[in-house]
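J.: Here you go, sequence then predicted model.
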Amino acid sequence: MKKNIRRQLIMMSKKVLYAFVFQLIFCTVLLANSGNAQRKNIEQVRVDLSEENSSLLSIFNKIERQSGFEFTYNSSTVNLNQKVSVFSDKNTVYKILQDVSLSTGLRFIQVNDNIHVKERVTSAEVDVSIAIRENIAVSGMVTDSNGNGMPGVTIIIKGTTNGTVTDLDGKYQINAETTDVLVFSFIGYSNQEILVGNQTMIDVSLTEDATNLEEVIVIGYGEKSRKLMTESIGTVSSAEINKLPIASADQALQGRISGVQVTAVDGTPGSPVSVRVRGVGTVGNTQPLFVVDGVPVGNNSSGITNPLSTINPADIESISVLKDASASAVYGVRAANGVVLITTKRGKKGKPTVNLDSYYGVQNITRIPDYMNTNQWLGLTQDAYNAANTQNGLAPTDAAYQVLHPDLREGSPIRNRNNQLQWRDQALNLNAPIQNHNVSVSGGGDNYNYFVSGGFFGQEATVQKYDLKRYNFRANSDFRVNKRLKIGQTFTVSHQEIIRGINGGGDGFLLQSALTMPPFFNVFEDPSNPIPGNRYGYDGNNDLGGLTIGNQVGINQIVNNNDRLTRMLGSIYAELEIFKGLTYRSVYSMDFSNNRDDSWRPEYLVSEMGLNRPGNQFNDSRGEGYTQVFTNTLNYFKEIGKHSVDILAGMEYQKNRSTSLSVQGSDFISNSKDFYEVVKNGRGDPNIGGGAGQFAFVGYLGRISYNYDDKYLLTGTIRRDGTSTFSAEDNRRWGTFPSFSGAYRISQEDFFPKSGIISEMKIRGSWGQLGNSNTAAYPHIFRVSTTPDYGSGSTTIQAPVPINFVNKNVRWETVETIDFGVDLGLFNNKVDLLVTYYNRTTKDFLYSLPLPNSTGFGSTPVNLGRVSNKGIEIELGYSKTFSNGIQLSLNGNFTTVQNRLEELAPGIEEFTSDANYRTAVGQPIGYFFGYKTDGIYQTQAEIDAIFTGGFVDKNSPQNPRPGDVKFLDINGPGADGQQFSGEPDGVIDFNDRTYLGKTIPSYFYGLNIGLNYKAFDLSMLWQGVGDVQVFNQVRQDNLNLEGGGRNMLTEGLNRWTGPGTSNDVPRAINGDPNQNFRFSDKFVEDAGFVRLRNIQIGYTVPKTVLNKLEGFSSGRIYLAASNLLTITNYTGMDPEVLTFGSNSNQIGAGTDRGNMPQPRIFQMGIQLQF
């Protein structure tokens, strides 16, 4: 009881003391302001003074008596006996002192009621130097980007040694003059310079200095100062992430790190992304290894397509990308495509801090191509029919003569319908909401810290019936048991649900289906009742216009797909200091995921045209994935004089296991949910499937780093890995991967010129090898499955049969990387310039080689050849704080990539898994392969003049006619073992197909701009790619001018109708005898773009306002927009296209099949701390 009373008395005393101090400062400021308002300066006060050859001391005394000013001076430096003549009749003190200054060279500075006398600095100084200043008390608070007070910040009056430091709460007070400039500085943060002026309260928010050499970077199994880095590593800090209203951690990498290209497959919520580090080194999966707090995470058979979609961005402290082999080598076989290290937040010593981060926004599609109205569609169809009738010599009496359906002829009311916009609007979800809400609590004491957070993210798609919800929880903690032992843990769980209709399912893409519906079709039979029972037709006609096309908008409303994913990531660790410098660390981590995807398609009728699903159907797929990693490391650090050595040795074991189960039932007696969830209630035969798999890694690692005087830096790493994926024969299961790197900080040498331009210069280089085993598991042994492939008559027998072609010779891919770079700090490290040349070569890359049908198998993994990626990375950073308080930061990066297949196995020159793509020696992986064109044939005479000896197009049933596309004859069959002759042969055939473009950009770049002024902040992120092509399949499909059927793009209105009318869009003709819309360069488009990825303006609430709100320490509100502007020549909805082939095969990437584009998002958010 006494303790409680004592505590209450202490708290009350503190409050009384705080109130007294506050009132005292407040009153002092008021008095100071009042006094300053009445004080006059030397330009206002006049004196009557007439002196000839009087001493300087005498003149000073007479001015003091008449003006009230007092002169201060150092008598040892100022000659008070020198003679001066002054003749003044009621002149100002300023004018008198100006005359004295001209004759003596002295300088006079007024500070309040004092006039300081100073001698001239050099004999060359003859200017009058009189400054009018007022000495005022300036106070305020210095905070970080999160609004936390920063103790120990140095505040110096520029050009002097006068200064102070902030207290434990980040507060300060200093006496300065109105013309002084205060310099705020702290290690790891950008300096700020602010002119005092008439300000008595100056609050400052320091931002982390991206160019600071003391920045600590997270590397594999440790940390390292940026200035001591020998490897190539890019980073994104929490200060950058915290200001990004993003849904997934991968979005924080877009445009921010050189060598790293992040591309979303589409704009659907939760869709997968591609992260490429320094190009494409294999034809399979190119994703880097993602490591979250030491736990490797990735895609697996449990249904995870975006490994970072379940990580809450608000929990992230930093992201490091390990780009070269030297940096990645400690992760061995999993790191061939680079490593992305994500470190989440942990608590800090201090009282509990609560952070709230919340935003809400709306999304819309920004670019939808125009499609024809009814009259335009009918005109196209009539032209196509007429052209086909004429070319085929048909008369109206012929049975094959083509005419419009009676429903569509003149006089039909159907011709007055124009529903193309209604179809579009029924498919779109205008102003689709997106929201994110996070709350965290962190703190700690002398021997512990904690961080706990929870969050909710919700996003609807920009099309109807697609809704994602995600819930996150995280708990991180560290405990120091005693002086030598430290333990801790990380744990996060997330649950994600996606409820959708047909979008992305087997019934097709909703938006594309709606856009291409014939414009005279009604969306619903009865617009006043858009869901009439189970009928989803158009207007009751059995055969409208002779067309039978399913109503995907209607089907979308009754089809239900529910995807659920629960994921848990966690780790526990113990760290023991055996003796000074030697530390043992043991970590056990796990990644568990469980998913369930179920779909329900009820019995329905599309119309009376027979487009119906006579029986309902239910599918239920479930999967689990489990990864466990056990890591043990010893780390020894020793410093002797200018020498230091850091040694790491360790062992790591990883095991992955996955299971899957799927069931399907059909023909249920009711559409009720109570029936379809039990598969056995279906009257149709159930279909049951499933599988299980597992594999393991074991690795031994070592790394040694040597540092002499922070000048000469060397690092060597070795990793030896074994995997169950490969055969143990001939030691194929094991691989050893070394790496070396070094750096020379030449700017630390005494002979290096201290010019002030180059303040830091480091030359670095590295070489290393990595392994990759990313292929189908166990290619060296038979795998079996029970399939009904055997039997006799009508009876099938289920029996174990092999499902793979055995190849015991498969071995590791080996990735070899060479790096050379120079890091420059310019103008006292206010500018950072990093330039790196890299050469990344993949040897024996793994490929699933198609097999002849006679083998009974589809393909088998093989080591096929060698691929190189080489280029240059440039990073430029600049930060500046101007005297008026404006802070500017610029961070740009630029990367070039030259991708090339260097060689293939003997006897193989090229390979493909798609007719429109090739991979050949001397070309990039997966380039477009098709016909080149040269406009449109305008007249028959033009055709006859070109092909005087006759013409054959083996792809066409007839030779071209005026209005057809002019395909180029560039090659004939080769001789003497050559594939092509290289000369035209008068025949258009497969030999004339050639290189049309590539899916891997030659360069990409990003520019991040930050601007702060007082309480306001503005940031912009620009991102772009160049010299890359996309196959616009949507345009190929919807510009096929045969008439009838689906709706067409309005580009078809510019079609050829006679000589000179068009040299771009061919004629309309039913049947397309010239195959005008075959795969050609007409549909391979330039997809380079520049995109304003994000722009944000924020306002930090002043402390004076927050002080009135009890408990709040910082607050910020902001407005943001994403994908606000895109500059591109691409004609599709979105140039950011990355559609993969099967199993993320790079051969097939870059095809625009009408996936959802990236939406434009407008957001409003608030960030609070208390």
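T.: Done, it's in. Predicted, not measured: the structure shown is a model, and the values here were computed from it.

J.: What values do phi and psi take at Gly140?
T.: phi 170, psi -160 (degrees, to the nearest 10).

J.: shaky segments in the stretch 301-450 of the chain?
T.: For the stretch 301-450 of the chain, applying pLDDT under 70 flags the ranges 301-307.

J.: Show me where it has its strands.
T.: 316-322, 339-344, 350-364, 432-444, 448-460 (DSSP state E, counting those that start in this stretch).

J.: Is it possible to get CSV of these that adds mean neighbour count and distance to Leu576?
T.: Every residue, glycine included, has its C-beta placed from N, CA and C. Listed next are the strands of the stretch 301-450 of the chain as CSV, based on neighbours: other C-beta atoms under 10 Å; distance: least, C-beta to C-beta, whole Å:
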stretch, mean neighbour count, distance to Leu576
strand 316-322, 23, 24
strand 339-344, 24, 22
strand 350-364, 17, 27
strand 432-444, 19, 21
strand 448-460, 20, 17
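
J.: would a markdown table of those strands with distance to Asn560 be doable?
T.: Below are the strands of the stretch 301-450 of the chain laid out as a markdown table (distance: least, C-beta to C-beta, whole Å):
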| stretch | distance to Asn560 |
| --- | --- |
| strand 316-322 | 34 |
| strand 339-344 | 34 |
| strand 350-364 | 23 |
| strand 432-444 | 19 |
| strand 448-460 | 16 |
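
J.: Which one of those lies nearest to Phe1031?
T.: strand 350-364 (26.2 Å; C-beta to C-beta).

J.: quick one: which helix or strand includes Leu901?
T.: strand 898-904 (DSSP states H and E).

J.: picking that back up, any idea which of the strands of the stretch 301-450 of the chain gets closest to Lys1014?
T.: Distance to Lys1014, taken as C-beta to C-beta, is lowest for strand 350-364 among the strands of the stretch 301-450 of the chain, at 22.3 Å.

J.: Ile988 against Lys966, yeah?
T.: No: using C-beta atoms under 8 Å, Ile988 is not in contact with Lys966; the gap is 10.1 Å.

J.: what about the two, which has more around it?
T.: Ile988 (26 against 20; other C-beta atoms under 10 Å).

J.: Per-residue pLDDT of that one, please?
T.: pLDDT recorded at Ile988 is 84.

J.: and what of the one 10 residues further on?
T.: Lys998 carries a pLDDT score of 92 in this model.

J.: Am I right that it is in contact with Pro924?
T.: Yes: with contact defined as C-beta under 8 Å, Lys998 counts as touching Pro924 (4.6 Å).

J.: Between those two, which contacts overlap?
T.: Shared contacts of Lys998 and Pro924 (C-beta atoms under 8 Å, 6 or more residues apart in numbering): Asn899.

J.: hmm, back to that, how about the strand holding Leu901: buried residues?
T.: 899-901, 904 (16 or more other C-beta atoms under 10 Å).

J.: same deal with stretch 392-407?
T.: Within stretch 392-407, the residues that count as buried by 16+ other C-beta under 10 Å are 392, 402, 404, 407.

J.: possible to save those residues as a markdown table with distance to Leu1041?
T.: Output for the buried residues of stretch 392-407, formatted as a markdown table (distance: C-beta to C-beta, whole Å):
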| residue | distance to Leu1041 |
| --- | --- |
| Asn392 | 17 |
| Gln402 | 14 |
| Leu404 | 16 |
| Asp407 | 22 |
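
J.: Out of those residues, which is nearest to Pro984?
T.: Lowest distance from Pro984 to the buried residues of stretch 392-407 (C-beta to C-beta) belongs to Asn392, with 29.4 Å.

J.: roughly how far apart are that closest one and Ile1000?
T.: 45 Å (C-beta to C-beta, to the nearest Å).

J.: Met1048 too?
T.: 32 Å.

J.: And Val277, by the same measure?
T.: 13 Å.

J.: and those two? which has more neighbours close in?
T.: A count of neighbours by other C-beta under 10 Å puts Val277 above the other of Val277 and Ile1000, at 29 against 23.

J.: what pairs with the more buried one across the strands?
T.: Val260 (DSSP bridges).

J.: Please look at it and Val262 and confirm they touch.
T.: No: between Val277 and Val262 there is no contact under C-beta under 8 Å: 10.1 Å.

J.: neighbouring contacts of the strand holding Leu901?
T.: Outside strand 898-904, the residues that touch it by C-beta under 8 Å, 6+ apart are 279-280, 841, 864-871, 910-911, 919-925, 998, 1000, 1002.

J.: By neighbour count, sort out the buried ones in those.
T.: Judged by 16+ other C-beta under 10 Å, buried ones among the contacts of strand 898-904: 279-280, 841, 864-871, 911, 919-920, 923-925, 998, 1000, 1002.

J.: tell me how far the strand holding Leu901 is from the chain's mean position?
T.: Centre-to-centre, strand 898-904 and its host chain are 27 Å apart (C-alpha atoms, centre = their mean, to the nearest Å).

J.: So which elements touch the following helix or strand past it?
T.: Using DSSP H and E, the helix or strand that follows strand 898-904 in sequence is strand 910-911. Judged by 3 or more C-beta pairs under 8 Å, 6 or more residues apart in numbering; DSSP states H and E, strand 910-911 is in contact with strand 917-920.

J.: Tell me the strands beside the helix or strand following the strand it packs on, with direction?
T.: Toward the C-terminus, strand 917-920 is succeeded by strand 927-930 as the next helix or strand (DSSP H and E). Using DSSP bridges, the strands paired with strand 927-930 in its sheet are strand 917-920 (antiparallel), strand 994-997 (antiparallel).

J.: residue ranges with poor pLDDT in the stretch 851-1000 of the chain?
T.: For the stretch 851-1000 of the chain, the stretches with pLDDT under 70 are 854, 858, 913, 948-955, 974-979, 981.

J.: Helices of that one, start to end?
T.: Here the stretch 851-1000 of the chain has its helices, by DSSP state H, counting those that start in this stretch, at 940-946.

J.: now the strands: where do they sit in it?
T.: Using DSSP E, counting those that start in this stretch, strands in the stretch 851-1000 of the chain cover 859-863, 865-881, 886-896, 898-904, 910-911, 917-920, 927-930, 933-936, 952-953, 965-967, 987-988, 994-997.

J.: Switch the strands paired with strand 927-930 over to a markdown table; also include distance to Asp646.
T.: Listed next are these as a markdown table, based on distance: least, C-beta to C-beta, whole Å:
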| stretch | distance to Asp646 |
| --- | --- |
| strand 917-920 | 43 |
| strand 994-997 | 48 |
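
J.: Of these, which stretch is the most buried?
T.: Mean neighbour counts were taken over the strands paired with strand 927-930 using mean count of other C-beta atoms under 10 Å, and the top value, a mean of 23, falls to strand 917-920.

J.: contact partners of that strand?
T.: Contacts for strand 917-920 (C-beta under 8 Å, 6+ apart): 283, 901, 909-912, 925-929, 995, 1147-1148.
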